[in-house]
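> Fold the following for me, if possible:
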Amino acid sequence: MNWIEQGPVFDITEDELLEAVNMHKRFCMPLVAPRVVLTDLPNFDDITQYGVSEEIQQHLWSNEIARLLGAITSPETLAFKGSKALAIGSKSSYEMLAAMADHVWEALNIAAYDGESLLATDVKELCKVDLLKSSRFVLVYLCGKEEDDDAPGIEDLFNFVDYLTAVLAQILCDAAEGKLFHLHILAQLVKLSAKIKTVSRRLQACAQISIEKGISDRKIDELDTEPLPEGMRGLQGELASLDSSSKKDSMRSVYYLQCAKYRHGIFDLLRFVLVPLRRTDKLTSNSATPYEFCSAVYGMRFERFRTLVYQDHENDFSGTSDASTINCARGSFRRLWAAVLHVRRFGSTYCQPPFTTTRDSSGTHSQSESIAIDHHDRLVGTRIVWGRGLVHSEMSPTHRTIFIESMSHIITVMIPFIMTSPIIACSMSEFITTASFTKRRYERHGEPIKPYAFDGYSTFFSITTLLPTENSAGRPIEWSWNPPSSSIFTGIGYEVRFPLDPRPASDNDLAMLGPIRRHQAKLDKSSNKMKTWVLEEKGVMVRCKPFVLMLMLLCTILVVGGVSIGVAVGDRITGVDPFNITTYCWVIAAFILLVAKNVRVQNWPWNDFLHGRVLCKSISELSSVTGVNEQLILAKLLQDESISVLQTRGPYNKVFNRKSADGFSIDRPLSTWAMLLGGLIMIVVEFERETGLVCLDLRRGTKCGLIQNMCVYESDGGEFIHCPRLPNEQDEEAYEGANRIRLEKGNLVWLRTLGFYGNKKAVFI
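Residues are numbered from 1 along each chain as shown. Prediction:
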């Protein structure tokens with residue numbers, strides 16, 4: 001069974017899910033309060049206030065239940081099914097996608113405002129005040145704006161909601177096990193989907209109703225609390241000692257907590273997905289590359305350290321090296337992989353993308369033909385690059401390229417692609433943690449929420465869109481592609497077998513197994529050697545008993561041999577004192593001992609020497625003593641800095657956080673390879689007059705790092721490792737070469753990001 005077919009097995013029935021959806025009608029806690037049942041609880045995401053009868057509401061919920069259960073249990077790959085207006089990925093269809101996302105965004109804010117108003121009125125400790133204020137702001141704006149003549153069609157809008165919620169249900173259910181967890185997620189999505197569809201038909205009227213029935217402005221200003229679900233963790237343990245009326249009050253609070261934690265988690269995830277999609281109308285400008293999404297998980301094969309890096313449509317760069325967060329993102333990559341395989345059947349696939357691509361009369365792609373379509377309905381070229389492991393070059397056998405024309409197929413891929421973002425993966429991980437630690441105690445023991453455990457994986461996906469351009473002479477329109485932002489991965493290497501790819505290994509892959517395995521063996525040997533090191537505050541303690549024993553044995557042989565010669569010769573040679581030879585041997589032994597003891601390290605105390613250990617005080621000493629490559633040592637120290645006590649000093653320790661005047665000396669500059677291996681990724685940015693670098697710091701354990709395209713200066717904000725000016729050819733003499741990058745640390749402002757820095761020859765000083 002390949003990885004695509006693997007996944008959790010769900011045993012949820014429609015009746016169980018319907019009971020969870022109608023939890024407000026009958027809420028009980030049989031193991032704590034067996035005879036207490038609440039039947040008068042408020043209904044979150046109630047749609048009867050928008051002119052829908054209770055009977056129709058139940059019917060809508062039943063339809064959504066059947067749809068979402070089918071989505072998570074069916075082996076078929078989900079796909080967005082749009083109308084004829086979305087048959088071609090044109091500028092107008094991208095505008096339709098933006099309009100649909102914006103429409104769903106506004107409907108989502110109506111649902112958010114209704115729910116937060118209810119929490120603010122009944123249990124204000126659980127109300128997210130920032131969400132309450134922002135959603136009311138959106139509703140007020142919605143009520144005041146003019147009717148939109150270009151509103152999306154209801155059929156496409158509903159299909160968009162169906163696909164969005166179905167993919168989210170799949171990914172959340174793939175992320176963690178626990179039947180109750182899955183039930184509550186699906187129940188929340190069932191009610192939310194029905195509400196979004198209902199209010200979408202009369203968006204402005206429903207926004208006005210929501211404002212009128214919600215909490216007033218004056219009461220919002222009085223709220224100053226943040227959600228405190230942790231304060232209710234022990235609530236269920238207190239219920240047994242309460243009388244019947246107190247139990248009901250406490251159970252009511254538990255109900256609110258149950259609803260609030262799932263609503264907040266799902267709302268956050270939906271907002272993260274919708275925000276990029278709302279901007280797609282601006283992605284198809286006349287610039288060279290209107291937008292590029294890039295998402296990759298790369299494994300270094302060095303201590304199995306993995307990093308997730310993501311580039312979004314606004315050229316923001318984010319990433320994570322936290323194992324649990326990368327684990328949460330695997331479900332998104334799994335769904336993305338399935339979506340790409342689905343749309344590949346309808347597009348044209350190349351192992352190497354062409355530099356210029358057009359479409360012939362039959363709809364297939366060619367190298368040099370041209371097309372002439374109305375500007376607004378002109379086909380927007382969309383290219384997807386994906387692969388097993390890392391992309392070395394456009395000719396790499398480990399990746400494939402597909403060109404798709406249908407907007408429906410683009411949406412099919414785009415939504416799971418956005419969900420691979422480290423920000424979404426981090427939010428998902430926090431959501432699972434919150435849901436787990438706010439469960440009632442008996443639920444946590446009986447059926448805990450646990451993230452699924454996965455093996456390491458490595459992957460690369462890129463979506464690039466480009467409009468065709470026509471020159472002033474009126475020559476035929478041609479497609480022109482810029483390569484994806486894969487320079488970060490050049491030279492790192494890739495996994496021997498990529499678990500996401502269901503295809504058997506090709507001949508090219510098999511031919512590379514030998515060199516890869518030999519390289520892996522070297523890395524494993526160095527890694528195992530470094531595991532025995534002890535990182536102290538001022539240096540790295542290394543065990544070297546074999547070296548000491550061999551040195552002592554050699555000196556002992558010289559000393560004993562010299563004495564033996566003196567005794568054996570005695571007075572046999574007239575006029576010669578044989579013990580002069582003994583003295584000479586002793587001098588040689590002492591000389592060898594002193595030289596061997598000091599040739600590799602500056603200071604080796606006798607106590608450490610006799611115990612077979614040495615405290616190395618610099619990179620050069622450590623490499624000389626152990627034989628491990630200097631750049632591997634630097635990468636190891638960068639990776640482990642968050643869990644070690646080592647303090648460093650110059651001259652090349654700009655990227656290290658803990659510094660001391662008498663610390664471990666970083667006396668060798670870092671290469672680009674070592675920086676990547678340690679989790680430091682350099683981003684090219686544009687300043688007012690110069691081009692420089694800013695470091696995306698993803699060292700081991702980083703939850704989420706972010707480099708925004710448009711930096712906002714904050715005097716009390718975090719400091720960035722950066723290079724204020726990239727050297728050029730004129731700096732070659734001054735800096736001993738144009739590849740020596742001087743790093744600094746401090747606050748700075750840049751105008752925009754330009755991409756990953758992929759100079760393999762660079763050294764950072």
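> Tell me how the chain divides into domains.
As assigned by the TED database, the chain contains the domains 50-74+90-226+243-279, 284-350+378-467, 545-611.
> Which of those sits closest to residue 635?
Nearest to residue 635 among these is domain 284-350+378-467 (6.8 Å), distances taken as C-beta to C-beta. Where you see a C-beta, it was placed from the backbone N, CA and C, and this is true even at glycine.
> what mean pLDDT would you report for that closest one?
For domain 284-350+378-467, mean pLDDT rounds to 77.
> Can you list the neighbours in contact with the helix or strand hosting residue 139?
For residue 139, the host element (DSSP states H and E) is helix 129-144. Helix 129-144 is contacted from outside by 105-106, 109-110, 112-113, 116-117, 120, 203-204, 207-208, 210-211, 214-215, 217, 220, 223-226, 264, 267, using C-beta atoms under 8 Å, 6 or more residues apart in numbering.
> And for stretch 62-72?
Residues outside stretch 62-72 that contact it (C-beta under 8 Å, 6+ apart): 10, 12, 14, 17-18, 21, 78, 162, 165-166, 169-170, 173, 182, 186, 189-191, 193-194.
> you'd agree residue 754 is in a helix?
No - going by DSSP: H, G, I helix; E, B strand; the rest coil, the assignment for residue 754 is strand, not a helix.
> where does the closest residue to it other than its chain neighbours land in three-state SS?
Distances taken as C-beta to C-beta, 6 or more residues apart in numbering place residue 684 nearest to residue 754, at 4.2 Å, with adjacent residues excluded. In three-state terms, and counting by three-state DSSP, residue 684 is strand.
> least trustworthy helix or strand in the chain by mean pLDDT?
When each helix and strand of the chain is scored by mean pLDDT, DSSP states H and E, strand 365-366 comes last, with a mean of 37.
> now whichever helix or strand comes after that strand: how far from the chain's centre is it?
Once the chain leaves strand 365-366, the next helix or strand it forms, by DSSP H and E, is strand 381-388. Average the C-alpha atoms of strand 381-388, do the same for its chain, and the two points are 19 Å apart (C-alpha atoms, centre = their mean, to the nearest Å).
> What strands line up against strand 381-388, and which way round?
Neighbouring strands of strand 381-388 in its sheet, by DSSP bridges, are strand 399-404 (antiparallel), strand 459-466 (antiparallel).
> now the ones you listed as JSON lines including mean neighbour count?
Below are those laid out as JSON lines (neighbours: other C-beta atoms under 10 Å):
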{"stretch": "strand 399-404", "mean neighbour count": "22"}
{"stretch": "strand 459-466", "mean neighbour count": "24"}
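> before we move on, back to that, of the domains of the chain, which stretch is the most buried?
domain 284-350+378-467 (a mean of 21; mean count of other C-beta atoms under 10 Å).
> now the domains of the chain in CSV, with distance to residue 656?
Formatted as CSV, the domains of the chain follow (distance: least, C-beta to C-beta, whole Å):
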stretch, distance to residue 656
domain 50-74+90-226+243-279, 33
domain 284-350+378-467, 17
domain 545-611, 21
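> and of these, who's closest to residue 629?
Shortest distance between residue 629 and the domains of the chain, using C-beta to C-beta, is found for domain 284-350+378-467: 10.8 Å.
> Just give the closest residue to the residue nearest the centre of the chain, not the sequence neighbours.
Centroid check for the chain by C-alpha atoms, centre = their mean gives residue 422 as the closest residue, at 2.7 Å. The shortest distance from residue 422 to any non-neighbouring residue, by C-beta to C-beta, 6+ apart, is to residue 320 (4.1 Å).
> Then residue 680?
Going by C-beta to C-beta, 6+ apart, residue 680 has residue 695 as its nearest residue, at 5.4 Å.
> what kind of secondary structure is the one you found in?
What three-state DSSP gives for residue 695 is strand.
> what about the helices in the stretch 151-300 of the chain?
Applying DSSP state H, counting those that start in this stretch to the stretch 151-300 of the chain gives helices spanning 154-175, 179-200, 203-213, 217-222, 235-238, 244-278.
> Need these in a markdown table (columns: distance to residue 545 and mean pLDDT).
Output for those, formatted as a markdown table (distance: least, C-beta to C-beta, whole Å; pLDDT from 0 to 100):
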| stretch | distance to residue 545 | mean pLDDT |
| --- | --- | --- |
| helix 154-175 | 47 | 93 |
| helix 179-200 | 52 | 93 |
| helix 203-213 | 74 | 92 |
| helix 217-222 | 70 | 68 |
| helix 235-238 | 55 | 43 |
| helix 244-278 | 54 | 86 |
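> May I see the ones you listed organised as a markdown table, with distance to residue 533 added?
Converted to a markdown table, the helices of the stretch 151-300 of the chain look like this (distance: least, C-beta to C-beta, whole Å):
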| stretch | distance to residue 533 |
| --- | --- |
| helix 154-175 | 36 |
| helix 179-200 | 42 |
| helix 203-213 | 61 |
| helix 217-222 | 57 |
| helix 235-238 | 46 |
| helix 244-278 | 41 |
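> Can you tell me which of those helices is nearest to residue 708?
Set against residue 708 and scored by C-beta to C-beta, these come closest in helix 244-278, at 13.5 Å.
> so who does the closest residue to residue 122 other than its chain neighbours touch?
Counting by C-beta to C-beta, 6+ apart, residue 256 is the residue found nearest to residue 122 once chain neighbours are left out, at 6.5 Å. Residues counted as contacts of residue 256 (C-beta under 8 Å, 6+ apart) are 119, 122-123, 126.
> Equivalent analysis for residue 43, please.
The neighbours of residue 43, taking C-beta under 8 Å, 6+ apart as the test, are residue 24.
> so who does the residue nearest to residue 422 touch?
Contacts of residue 320 by C-beta under 8 Å, 6+ apart are 307-308, 326, 422, 425-426, 698, 702-705.
> Just list the residues touching residue 686, thanks.
Counting by C-beta under 8 Å, 6+ apart, residue 686 touches 692, 750-754.
> sorry, back to before: surely the residue nearest to residue 754 meets residue 693?
Yes - contact criterion C-beta atoms under 8 Å: residue 684 and residue 693 qualify, at 6.1 Å.
> Now list whatever residues contact both of those two.
Taking C-beta under 8 Å, 6+ apart as the contact rule, residue 684 and residue 693 both touch 726, 757.
> Neighbour count for those two, which is higher?
The neighbour comparison of residue 684 against residue 693 (other C-beta atoms under 10 Å) goes to residue 693, with 23 against 20.
> Neighbours of the closest residue to the more buried one other than its chain neighbours, how many?
Nearest residue to residue 693, sequence neighbours excluded (C-beta to C-beta, 6+ apart): residue 723, at 4.1 Å. Per other C-beta under 10 Å, the neighbour tally for residue 723 reads 24.
> gap between residue 723 and residue 48?
60 Å (C-beta to C-beta, to the nearest Å).
> now swap in residue 26 and tell me
According to C-beta to C-beta, residue 26 stands 18 Å off from residue 48.
> now residue 126
23 Å.
> Give me the distance from stretch 555-565 to the chain's centre.
Distance, centroid of stretch 555-565 to centroid of chain: 64 Å (C-alpha atoms, centre = their mean).
> now do stretch 51-65
From the chain centre to the centre of stretch 51-65 is a distance of 38 Å (C-alpha atoms, centre = their mean).
> Stretch 696-706 now?
Between the centre of stretch 696-706 and the centre of its chain there are 9 Å (C-alpha atoms, centre = their mean).
> Please name the bridge partners of the residue nearest to residue 754.
residue 693, residue 755.
> Which pLDDT does the model give it?
89.
> Next up, the contacts around it.
Taking C-beta under 8 Å, 6+ apart as the test, what residue 684 contacts is 691-693, 726, 753-757.
> how does it look with 10 Å?
By C-beta atoms under 10 Å, 6 or more residues apart in numbering, the contact list for residue 684 reads 487, 691-694, 723, 726, 750, 752-759.
> Likewise for residue 461?
By C-beta under 10 Å, 6+ apart, the contact list for residue 461 reads 293-297, 310, 333, 336-337, 340, 384-387, 391, 399, 413, 416-417, 420, 484.
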